[in-house]
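Asks: Based on what follows, work out the 3D shape:
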Amino acid sequence: MTNWRWWMVVLLFVATTVNYLDRQVLSLTWKDFIAPEFHWTDNDYGTITAVFSIIYAICMLFAGKFVDWMGTKKGYLWSIGIWSTGACLHAICGWLTVHIEGYESAAAMTAVQAGSTAALAIASTSVWLFLAARCILALGEAGNFPAAIKVTAEYFPKKDRAFATSIFNSGASIGALIAPATIPVLAQFFKDRGIGGGWEMAFVIIGALGYIWMAFWVFMYNKPEKSKHVNKAELDYINQDYTAEEIAAASKAEDKNANGEKEKSISLWKCFTYRQTWSFIVGKFFTDGVWWFYLFWAPAYFSDQYGYASSSGMGIALITTLYAIVTILSIFGGYLPKLFVEKKGMNPYNGRMLAMLIFAFLPLPALIAQSAGQISVWWPAVIIGLAGAGHQAWSANLFSTIGDMFPKSAISTITGIGGMAGGIGSFFIQKGAGALFTYSENAGTAFQFLGFEGKPAGYMIVFCGCAVAYLIAWAIMKALVPKYKKIEA
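Replies: Down below sits the predicted model:
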């Protein structure tokens, strides 16, 4: 048997890694490189990340349908091409702000008195420009997971999908792991040589990686039944969940598509009539924002609370340790339901739900992350790493429930709907966190929560919400879909 399906996982893994690298450039440069130049506050950064989340959410609703309509190959190419362009466009935001506000250089903007009318104008203009670039990034990135989940359903039987998904989904944590060791270093390198503020070249170099990936995708991807690299034994393995009649029907649908006829599928709005769709929506809404909070705010957290800038050796070590824990542990998350199915004889859905319940307990130590930080800064890094690993393992299995219950023609659409819900949930966390941190910092000792004052109290509130989100989501999902039931187109 050939093993071409694993090369598809490699491509998906690299795309997801690039996706999260592009997403992380801002979070790793804003506090120490960008904010001083544009006089940003936490609320400004919270606004940018929140708008990114809501635009991502809106685009996700239609991205899945776009991938189903355009086809996996072309849909993925459009997606990564757009987000790579959006990533690179961040680099010109500083140049445009200088010219719009009428300053001679970025250094002249930095020298403006903090809190003055001029500083507020610089912050406002730069935020709007970054929002524009961020919206293009969100538009493209919305297509990554709908396309990747569709490829996984095309190339793997149900029992292997969570494991394959956990491997490519680990690209999120690999990207987050590579980012702190490279992005601040790149920014500092170019800043020391007088090339802008340094952060501009970080956006350009990381953004350009997507264009390289596109070349590999064009030459390597095709559907398994049409790929010259997939032999009959591998194709039989891939199709083991389907009867001969179902395979024949799928082949007939492919022929219809080739002749320009419309394939039978579930409409976007009809998808909302299924409890299975709402179960996926709940799972994404309650938990995606937690992951994005850790992703977007962890570098600022270690800088604010402990004084370790993202470009410092200790700052890099803390973030790298955090995501190393996420990466190593999350891959096993996809193997657990495979063990339940093969060794315990459970059906894939029940195996996944049991695994997700186990993973829902991993984020609970976040309840003590802020307190443990008083002992050592390494404790929050380890605890957030465990919470992140729980999320990634949870996410891999959550994505795989779609393939269990929906036909392949609807997988990208359902993924997009869930992604929209996740983006909306993230919007509330990002904007809420930014506003809360600015308010609590200004309030100082007047703002208290569970023994903490000021900004640390704000972090404590958000950590508590993140810790219990997964158990709440699991309980609602189980109530909506207590037993496995497949949807037919």
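
Asks: what's the average pLDDT for stretch 463-476?
Replies: Averaging pLDDT along stretch 463-476 gives 95.

Asks: If you could redo that for stretch 183-197, that was the one I meant.
Replies: pLDDT averaged over stretch 183-197 gives 91.

Asks: Then stretch 422-440?
Replies: Mean predicted confidence for stretch 422-440 is 90.

Asks: Can you give the contact residues for that stretch?
Replies: 41-47, 49-58, 60, 284-290, 292-293, 296-297, 447, 454-455, 457-459, 461-462, 465 (CB atoms under 8 Å, 6 or more residues apart in numbering). Backbone N, C-alpha and C define where each C-beta goes, glycine included.

Asks: and if you look at stretch 280-291?
Replies: 53, 172, 363, 387-388, 391-392, 394-395, 398, 401-402, 414, 417-419, 421-430, 466, 469-470, 472-474, 476-477, 480.

Asks: Please flag which of those residues sit within helices.
Replies: 53, 172, 387-388, 391-392, 394-395, 398, 401-402, 414, 417-419, 421-430, 466, 469-470, 472-474, 476-477, 480 (DSSP state H).

Asks: what's around K478, how many residues?
Replies: Number of residues near K478 (other CB atoms under 10 Å) recorded here: 14.

Asks: Tell me how many other residues crowd the closest residue to it other than its chain neighbours.
Replies: What sits nearest to K478 in space, not counting adjacent residues and going by CB to CB, 6 or more residues apart in numbering, is M353, at 6.6 Å. The number of residues packed near M353 is 23, by other CB under 10 Å.

Asks: secondary structure element for M353?
Replies: helix 348-360 (DSSP states H and E).

Asks: Past that helix, which element shows up next along the chain?
Replies: Following helix 348-360 in sequence, per DSSP H and E, is helix 369-372.

Asks: got the contact list for that following helix?
Replies: W379, P380, I383, I384, A387, G451, F452, P456, Y459, M460, F463.

Asks: so what secondary structure elements neighbour the strand or helix carrying the fourth one?
Replies: If you go by DSSP H and E, I384 is part of helix 378-405. Contact here means 3 or more CB pairs under 8 Å, 6 or more residues apart in numbering; DSSP states H and E; on that basis helix 378-405 packs against helix 144-155, helix 158-192, helix 275-306, helix 313-344, helix 348-360, helix 369-372, helix 408-443, helix 455-480.

Asks: From the chain's centroid, how far away is the shortest one?
Replies: Helix 369-372 has its average C-alpha position 25 Å from the chain's average C-alpha position, going by CA atoms, centre = their mean, to the nearest Å.

Asks: Just the CA coordinates for that helix, please, in CSV.
Replies: Output in CSV follows, covering the C-alpha atoms of helix 369-372 (Å, rounded to 0.1, in the frame of the first residue of the first chain):
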residue,chain,number,x,y,z
ALA,A,369,-1.9,30.3,36.8
GLN,A,370,-1.9,33.9,38.2
SER,A,371,-1.3,32.7,41.7
ALA,A,372,1.4,30.3,40.7
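
Asks: What residues of that helix count as buried?
Replies: A369, Q370, S371, A372 (16 or more other CB atoms under 10 Å).

Asks: Likewise for stretch 417-430?
Replies: In stretch 417-430, residues buried by neighbour count (16+ other CB under 10 Å) are 417-427, 429-430.

Asks: any chance of these in CSV, plus distance to M201?
Replies: Conversion of the buried residues of stretch 417-430 to CSV gives the following (distance: CB to CB, whole Å):
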residue, distance to M201
I417, 37
G418, 35
G419, 30
M420, 33
A421, 36
G422, 31
G423, 29
I424, 33
G425, 33
S426, 28
F427, 30
I429, 30
Q430, 26
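
Asks: returning to that earlier point: show the contacting residues for the residue nearest to K478.
Replies: M353 touches T401, W474, M477, K478, counting by CB under 8 Å, 6+ apart.

Asks: any idea how far the last one lies from G451?
Replies: Distance of K478 to G451, given as CB to CB, to the nearest Å: 34 Å.

Asks: For the host helix or strand of H99, give the mean pLDDT please.
Replies: Assigned by DSSP H and E, H99 belongs to helix 93-101. In this model, helix 93-101 carries a mean pLDDT of 93.

Asks: Pull out the buried residues from that helix.
Replies: C93, G94, T97, V98, E101.

Asks: For it, name the packing helices and strands.
Replies: By 3+ CB pairs under 8 Å, 6+ apart, helix 93-101 packs against helix 35-38, helix 106-110, helix 117-141.

Asks: mean confidence for the shortest one?
Replies: Right, the one you point to is helix 35-38. pLDDT averaged over helix 35-38 gives 91.

Asks: cool, the longest one as well?
Replies: Computed over helix 117-141, the mean pLDDT rounds to 94.

Asks: Report the buried residues of it.
Replies: 119, 121-123, 125-127, 129-130, 133-141.

Asks: Same check on the second one?
Replies: By neighbour count, with 16+ other CB under 10 Å as the criterion, the buried positions of helix 106-110 are A106, M109, T110.

Asks: can you pull the contacts of L139?
Replies: I55, C59, I82, W83, G86.

Asks: go on, L129?
Replies: C93, L96, T97.

Asks: From these, pick the one nearest M346.
Replies: C93 (50.8 Å; CB to CB).

Asks: in this protein, which helix or strand is least confident?
Replies: helix 244-258 (a mean of 53; mean pLDDT, DSSP states H and E).

Asks: Reformat the buried residues of helix 369-372 into JSON lines and put distance to S409 next to each item.
Replies: Below are these laid out as JSON lines (distance: CB to CB, whole Å):
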{"residue": "A369", "distance to S409": "43"}
{"residue": "Q370", "distance to S409": "46"}
{"residue": "S371", "distance to S409": "49"}
{"residue": "A372", "distance to S409": "48"}
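
Asks: Many thanks, we can stop here.
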